[in-house]
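1. sequence and predicted structure below; questions after.
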Amino acid sequence: MCRKLPAYQDNVSARPRRKFLGGRLQRFKMASLVFFVHITTLISHSYHRTNIHAIKTSWIHLKRIMSELKTSWLQQVRTGVLLTALTILLFICPENSVYGATKTDGALRGDLILRNGEIHTMNEGGEVSSVIGIKEGIVVYVGESETEALDKFKVIPSIIDLQGHLAIPGLIDCHNHIVLLGNRPGYHTPLENAYSVADVQNTYSLRASNVHEGSFITTIGGFHPNQFSERRLPTLEELDEAVPNNPAFVSYSFAGPATTNSLGKAFFESSADPPAISANGSITSGLNNGKALLALRKQLTFADRKRGVHDAMAYAVSVGVTTHLDQGAFPATGTPADGAANEDLYAMHLPWLSVYDEEGGIIRLRINFLHMDDNIEVPTVQQRLLNTFKLFGNDMVRTGGIGEFITTDYAGGPFFTAAAQRIAAAGWRLEVHSLTGTDFQTQIQTYESINANNSVEDLRWVVAHVPQITPEYLQRLKRLGGGVNLSGWQYLAGTGPQAGPPFKDILTSGIPAGIGADGMQIAPLNPWIHAYYATTGKNALGQQINPGQQISRQELLHLYTRANQWFLGGKDEQLLGSLEVGRLGDVVVLNDDYFTVPEEQLKELRSILTVVGGKIVHDDGSLAA
Ligand SMILES: [Zn+2]
Ligand SMILES: [Zn+2]
């Protein structure tokens, strides 16, 4: 029979001993901490000669600490030497110190001056400057004088002449699925910027020249054959011509259709559960596309995923998107039912985190958590709220809220209500997906019913996409403190008469609104395609499908920068989205004048130089000339 431990007696017997040890140890620890703070202040202020009063105060406190240690003078001197040595050690080894934590947490912290640019700061006054200084990753100067910028540095930093090019803050995409992009099987190759089968062939051929023979070259989502002048996918022969030594798989939307080449066909047909593939390489959408995708995913290693993360980051900075709020994936089943948007919800971030930990990331990743609970207990949402920190991380990677799904009855059924109630009670941000003419209504009604008992007005609850939202529901969501994020995904395959979203009505409503490309499956990541759609209303076929809802280029840039601060929330609101002193130094220099190029050329805009935290993370060489 077990004897119950005498917890009370144990505590009593332990108490005097703990007090004896704890008393001196505690005093020493406290003294060390206070000593550290004061010696740091003393050294810092003496070094910079900034605050004589602080120097005097610190010295007085240091003397008091030493005397309060109640030891002999010899011991005090020994302790002083020890603490001073520790302090110096902490200074020279900042990666191990509390003091240095914010500077060595994997964040990019470069020193750089950009001069002779047309720098649209996107600050409150909409100022345009020609010089920006970034020190240790933070903007320290914005203005017109290179000399004044240099005054902010002790050591002369790199100085780059922008040769009059237009520069903007690093773009924020407040809703996409870039984590999925990093986890794609094969050497994923974006086709969102191809306009013909010949473009596809050239893009694939270029990719093949940079990978090993035999490596699978893939494109899974993010484009549509409507973009191509032929309005069709490339054939087996055309892909063979482009990449004769590499298997290829080109699939669009969530579940195909797809096409492959001879080497790809041979691979799929020898797989455990082969898809049906026609003689010209085409693979039908749904089951056959799913079988091909599953065969590819079975080959995928953790190292492959990390390589995919690097590729995803490199592509993002080449088009100027430096901050991404990822909105998750649908849970994977490990069967051919899985489409482009399915992944392991609990493992898909690991290759990303591994890259940030071990090799360093070059984009800022923000993570929302997608859930698909299918019962009233909403177990996964419940566990998420109990076990995850919201808005936790560093400048490079940070958690966000819940979204863009919480339950299978996503439009506002009983599971949805139960999950949203728990999210409100926990004080978390929530984002849900709306595509139909009614789902936003039932979702906003549910938000209102929850708000009646548990205010969500400070939680920034969002309804995403909203192609059909009405002025009435915009006002109702606005009253709840909510916001909407918009995407130009209708560009790829949308049709009229009014494809939405109603950009203009939304901006007129005054509700917090931002832009999230929703890139990776049904939409491109490239922000300049979304800029084209939002400002022209035209789809990939050149048809007007969103009449009367166009916004200006300035308004669109505002959505992609300053307006998206609201969607990031937390610390990010003071760090990103505009170029101002004290904010993170993320800058994109464009190849052409965004404000004046003809509308078709909007789609051709690219970054020639992308800076994240004062470090150059993309440089196409244009400025070297
Ligand atoms: Zn969505
Ligand atoms: Zn989405």
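-> Nice, I can see it. Numbering: from 1, shown residues only. Ligands and ions are numbered 1, 2, ... in the order given.
2. distance from stretch 174-188 to the middle of the chain?
-> 12 Å (CA atoms, centre = their mean, to the nearest Å).
3. same question for stretch 510-525.
-> The answer for stretch 510-525 is 12 Å, by CA atoms, centre = their mean.
4. give me the number of residues near the residue in the stretch 501-625 of the chain positioned nearest to ligand 2?
-> Going by CB to the ion, ligand 2 is nearest to residue 518 of the stretch 501-625 of the chain, at 4.3 Å. The way it works is simple: take the backbone N, C-alpha and C, and place the C-beta from them, glycine included. Using other CB atoms under 10 Å, the number of residues around residue 518 comes to 26.
5. how about it, phi and psi?
-> Per-residue torsions, residue 518: phi 60, psi 30 (degrees, to the nearest 10).
6. burial count for the residue nearest to it when sequence neighbours are not counted?
-> Excluding the flanking residues, the one nearest residue 518 by CB to CB, 6 or more residues apart in numbering is residue 487, at 4.2 Å. Applying other CB under 10 Å, we find 27 residues neighbouring residue 487.
7. make residue 1 into 9 and carry on from there
-> Let's use 9 as the start, then, which means that last one is residue 495.
8. and the pLDDT at residue 495?
-> What the model reports as pLDDT for residue 495 is 96.
9. residues contacting it?
-> 183, 472, 473, 509, 523, 524, 525, 526, 531, 538 (CB atoms under 8 Å, 6 or more residues apart in numbering).
10. looks like residue 290 contacts residue 264 (just checking).
-> No: contact between residue 290 and residue 264 fails when scored by CB atoms under 8 Å: they sit 9.4 Å apart.
11. of the two, who's got more company?
-> Set side by side, residue 290 and residue 264 show more neighbours around residue 264, with 27 against 18, by other CB under 10 Å.
12. sticking with the more buried one, tell me its helix or strand.
-> Counting by DSSP states H and E, no helix or strand carries residue 264.
13. what separation is there between it and residue 511?
-> If you measure residue 264 against residue 511 using CB to CB, to the nearest Å, the figure is 30 Å.
14. before we move on, what about residue 577?
-> For residue 577 relative to residue 511 (CB to CB), the value is 23 Å.
15. higher neighbour count, those two?
-> A direct count of neighbours by other CB under 10 Å for residue 577 and residue 511 places residue 511 higher, at 24 against 18.
16. identify the residues contacting the more buried one.
-> 494, 542, 554, 557, 558, 559, 563.
17. which of the three states applies to the last one?
-> State at residue 563, reduced to three classes by DSSP: H, G, I helix; E, B strand; the rest coil: helix.
18. go ahead and confirm it touches residue 514.
-> No: using CB under 8 Å, residue 563 is not in contact with residue 514, being 10.4 Å away.
19. of those two, give the one with the bigger neighbour count.
-> residue 514 (24 against 16).
20. so the more buried one is in which element?
-> Going by DSSP H and E, residue 514 is in helix 511-517.
21. counting by contacts, list what the next helix or strand after that helix packs against.
-> Sequence-wise, the next helix or strand downstream of helix 511-517 (DSSP H and E) is strand 521-523. Judged by 3 or more CB pairs under 8 Å, 6 or more residues apart in numbering; DSSP states H and E, strand 521-523 is in contact with strand 179-184, strand 491-494, helix 535-544, helix 561-568.
22. what's next to strand 521-523, contact-wise?
-> Contacts of strand 521-523 (CB under 8 Å, 6+ apart): 180-182, 491-496, 514-515, 535, 538, 542, 564, 567-568, 571-572, 574-575.
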